[in-house]
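Q: sequence and computational prediction follow.
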Amino acid sequence: MKKIIVLLALAIVGISCSDDSNLPDASFGDTPRVVGFLKTTQNVPFFADQGVVLREFPFDLLGTGDGAPYNEDVTVTYAVNTAATTAVVGVEYNWVNTSSTVTIPAGQSFGLLPLNINTGNFNPTAKTSLVLDITAVDKEGFVISNQNKRVTINFIGCLSQVNGLYSVVVTRGDGATVTRLNENVSYQGVNYFRTTTSGTFTVAQLSPPAPFAGFYFTDICDDLSVASQNLGGAYSNLLRGLSTTGEDGKVLNANQFKVTYEITFAAGNQTYTGVYTRAN
C-alpha cells in the first residue's frame with residue numbers, strides 16, 4: 001500500500017512540473033522549449049539627471065526541452081502593451097533599435113533588449129511603466145510562457161524616505177493584535193527597507209537563531225511590495241505579500257504606512273496587517 005501511495009505522489013509531481021506544456025506522451029525530448037521573462041518586473045531608479053544611460057533587459061529561455069543548449073539563434077518578437085504602459089517613448093526612454101525583436105544567441109539562455117534611459121525625465125512623484133508582451137518566436141518547437149510572457153519596466157524618480165523609528169499595530173487574520181513601540185525601519189538600499197519584527201513575533205522568538213526578526217519591503221513611489229522571503233532570513237516558513245500586482249501596502253502620508261503580508265505555517269497560513277506610525 002505504501003508503495004502505491006509513493007508512486008501515485010510521484011506521478012502527481014511529474015504532471016505538475018509542466019505548466020507550459022501539453023504533451024501527448026511522457027517523452028522529455030518532445031517537451032517544447034519555452035521563452036519568457038525570468039524576472040517579470042524590472043525597476044529603473046534614477047533620482048538625478050545623469051543624462052542618457054544605456055540599460056539592457058533580458059528575454060529568457062525558460063525551458064530547454066531536453067535540457068541541451070539550443071544551437072541556433074532564436075528571434076523573439078515583442079509588442080508594447082499600450083493599455084498598461086504609462087511611460088512615453090522620447091520621454092523616459094528611447095529605443096536603441098525599432099525592430100521589435102530580441103535575439104537569443106545560439107547556445108545562450110537569454111538575449112538582451114537595449115534601451116536608452118533619459119534619466120532627467122523621470123516623474124519625481126509617481127512611477128511610470130513600459131509594459132512589453134512577447135508575441136512570437138521564430139523557431140519550431142518553441143512556445144511562449146503563459147505566465148511569464150509580459151515584463152513591466154518601471155521608471156522610478158521618487159526616492160523613498162520611510163526609514164526611521166515607528167510604533168506599529170499588527171493585526172493577525174484571526175483578529176489578534178499587538179502594539180510595539182521603537183520599531184526601527186532600517187535603510188537597506190535605494191527604496192529598500194527592513195522592519196524590526198515580523199507578524200506578532202517578538203525579536204527574541206525569532207532571533208537568534210535567525211539573523212534578524214523583521215522583513216524586507218520595497219517602496220516604489222508610495223506603493224509597497226513584499227517579495228517572498230524566508231522568515232527571519234533563516235526559517236523555512238515563507239513571508240510574502242499577497243497582491244498579484246505587487247502592491248502589498250501604501251504610504252498613507254509622511255508619517256504613516258500600511259502593509260499586508262502572510263507567513264506560511266504547516267497548520268495553515270496567517271495574514272498580518274501592520275500600520276506603522278512615525279514616532280515624534
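A: In hand now; what should we look at?
Q: name the residue closest to the centre of the protein, please.
A: residue 41 (5.7 Å; C-alpha atoms, centre = their mean).
Q: any idea how far stretch 115-123 is from the chain center?
A: 22 Å (C-alpha atoms, centre = their mean, to the nearest Å).
Q: cool, stretch 254-270 as well?
A: For stretch 254-270, the distance to the chain centre is 17 Å (C-alpha atoms, centre = their mean).
Q: this protein: helices as residue ranges?
A: 2-16, 203-206 (DSSP state H).
Q: going by mean pLDDT, which of those comes out lowest?
A: Least confidently modelled of these is helix 2-16, at a mean of 36 by mean pLDDT.
Q: excluding its backbone neighbours, what's nearest residue 272?
A: residue 199 (4.8 Å; C-beta to C-beta, 6 or more residues apart in numbering). For glycine as for every other residue, the C-beta is placed from the backbone atoms N, C-alpha and C.
Q: same check on residue 52?
A: In space, residue 52 is closest to residue 116, 5.1 Å off (C-beta to C-beta, 6+ apart).
Q: about what we covered before: now for the nearest residue to the residue nearest to the centre of the chain once chain neighbours are set aside, how many residues are close by?
A: Excluding the flanking residues, the one nearest residue 41 by C-beta to C-beta, 6+ apart is residue 152, at 5.1 Å. Using other C-beta atoms under 10 Å, residue 152 has 19 neighbouring residues.
Q: residue 152 against residue 42, yeah?
A: Yes - using C-beta atoms under 8 Å, residue 152 is in contact with residue 42, at 7.2 Å.
Q: let's see stretch 239-259 as PDB, backbone CA atoms only.
A: Only the C-alpha atoms of stretch 239-259 are listed here, as PDB (Å, rounded to 0.1, in the frame of the first residue of the first chain):
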ATOM      1  CA  LEU A 239       6.900  35.600   4.400                       C
ATOM      2  CA  ARG A 240       5.300  37.100   1.300                       C
ATOM      3  CA  GLY A 241       3.000  39.700   0.000                       C
ATOM      4  CA  LEU A 242      -0.500  38.700  -1.200                       C
ATOM      5  CA  SER A 243      -1.100  41.100  -4.100                       C
ATOM      6  CA  THR A 244      -0.900  39.700  -7.600                       C
ATOM      7  CA  THR A 245       0.100  43.200  -8.800                       C
ATOM      8  CA  GLY A 246       3.000  43.500  -6.300                       C
ATOM      9  CA  GLU A 247       1.400  46.300  -4.300                       C
ATOM     10  CA  ASP A 248       1.100  45.000  -0.800                       C
ATOM     11  CA  GLY A 249       0.800  48.200   1.000                       C
ATOM     12  CA  LYS A 250       0.700  52.000   0.800                       C
ATOM     13  CA  VAL A 251       2.500  55.000   2.200                       C
ATOM     14  CA  LEU A 252      -0.500  56.900   3.700                       C
ATOM     15  CA  ASN A 253       1.200  60.100   4.500                       C
ATOM     16  CA  ALA A 254       4.600  61.500   5.600                       C
ATOM     17  CA  ASN A 255       4.200  59.800   9.000                       C
ATOM     18  CA  GLN A 256       2.400  56.600   8.300                       C
ATOM     19  CA  PHE A 257       2.300  53.500   6.100                       C
ATOM     20  CA  LYS A 258       0.400  50.200   6.000                       C
ATOM     21  CA  VAL A 259       1.400  46.800   4.700                       C
END
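Q: buried sites along it?
A: Across stretch 239-259, burial judged by 16 or more other C-beta atoms under 10 Å covers 239, 240, 241, 246, 248, 249, 251, 257, 258, 259.
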